[in-house]
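**Q** Sequence first, then the predicted structure:
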Amino acid sequence: MTRTVPAPADLGTAVIGIPEGSDLELDLRLEAVMEGVLVTGSVRGRAVGECARCLTEVVDEVDAPLQELYVYPERAAAAVEAGDDDEDVRELEGDLVGLEPALRDAVVTVLPFRPLCTPDCPGLCVECGARLADDPDHAHETTDPRWAALQGLLGAPSTHDDEREG
């Protein structure tokens, strides 16, 4: 089955995610198996976030594989007893499959941990916050504070020069 559905809230991380209400394309296959219903397929959408280096907007196409088994309620207890975590066992809700937790698990794992606008993004200037990609020659003239006292001596005449003149 192929469907386009609105994205649920919080489908992403703190720095990148699929905005709530944007289109998610689901291409799924539902198969009846002994334990319940096996859902396989893919989820596609457009993630929006900000570059981890320069804070500009990043748009990334997401194509996440999805595979989840939804067990019949009477089989859920047996799966937990067999060693599966209660959180990992997805249960059918009557004739319905609750896809939102499975979508979240599939999409969040394929999102970049540190999204970048370009692979070689230079980031921001640590002095003034200017975007270095806009001005590659950006620089600040700084004096090492350890040499600041000597900087004042460069402009003052030395005592040796005064003695020679007199």
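**A** Perfect, thanks for sending it. Residues are numbered from 1 along each chain as shown.
**Q** Now A106: which helix or strand?
**A** Using DSSP states H and E, A106 sits in helix 100-110.
**Q** Counting by contacts, list what that helix packs against.
**A** Under the contact definition 3 or more C-beta pairs under 8 Å, 6 or more residues apart in numbering; DSSP states H and E, helix 100-110 sits against strand 11-12, strand 36-50, strand 57-71. C-beta: built from backbone N, CA, C; applies to glycine.
**Q** W147 is nearest to which of these?
**A** Taking C-beta to C-beta, strand 36-50 is the member of the helices and strands packed on helix 100-110 nearest to W147, at 37.9 Å.
**Q** just for this protein, where's the confidence low?
**A** Within the chain, the segments meeting pLDDT under 70 span 75-88, 152, 154-166.
**Q** about what we covered before: and the helices and strands packed on helix 100-110 as a markdown table, adding distance to V97 and mean neighbour count?
**A** Shown next, in a markdown table, are these (distance: least, C-beta to C-beta, whole Å; neighbours: other C-beta atoms under 10 Å):
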| stretch | distance to V97 | mean neighbour count |
| --- | --- | --- |
| strand 11-12 | 17 | 22 |
| strand 36-50 | 6 | 18 |
| strand 57-71 | 5 | 16 |
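**Q** Indicate which one of those is closest to G129.
**A** Closest to G129 of these is strand 36-50 (C-beta to C-beta; 14.4 Å).
**Q** so W147, which of the three states?
**A** Using DSSP: H, G, I helix; E, B strand; the rest coil, the structure places W147 in helix.
**Q** Let's have the helices and strands packed on helix 100-110 in a markdown table, adding distance to D95.
**A** Converted to a markdown table, those look like this (distance: least, C-beta to C-beta, whole Å):
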| stretch | distance to D95 |
| --- | --- |
| strand 11-12 | 25 |
| strand 36-50 | 9 |
| strand 57-71 | 11 |
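**Q** Can you give me the buried ones in the helix holding A106?
**A** Neighbour-count burial for helix 100-110, counted by 16 or more other C-beta atoms under 10 Å, picks out 102-104, 106-108.
**Q** so which pair among those is furthest apart in space?
**A** Pairwise distances across the buried residues of helix 100-110 peak at 11.1 Å for A102 and V108 (criterion: C-beta to C-beta).
**Q** For V43, which non-adjacent residue is closest in space?
**A** Spatial nearest neighbour of V43, chain neighbours left out: A64 (4.8 Å); criterion: C-beta to C-beta, 6 or more residues apart in numbering.
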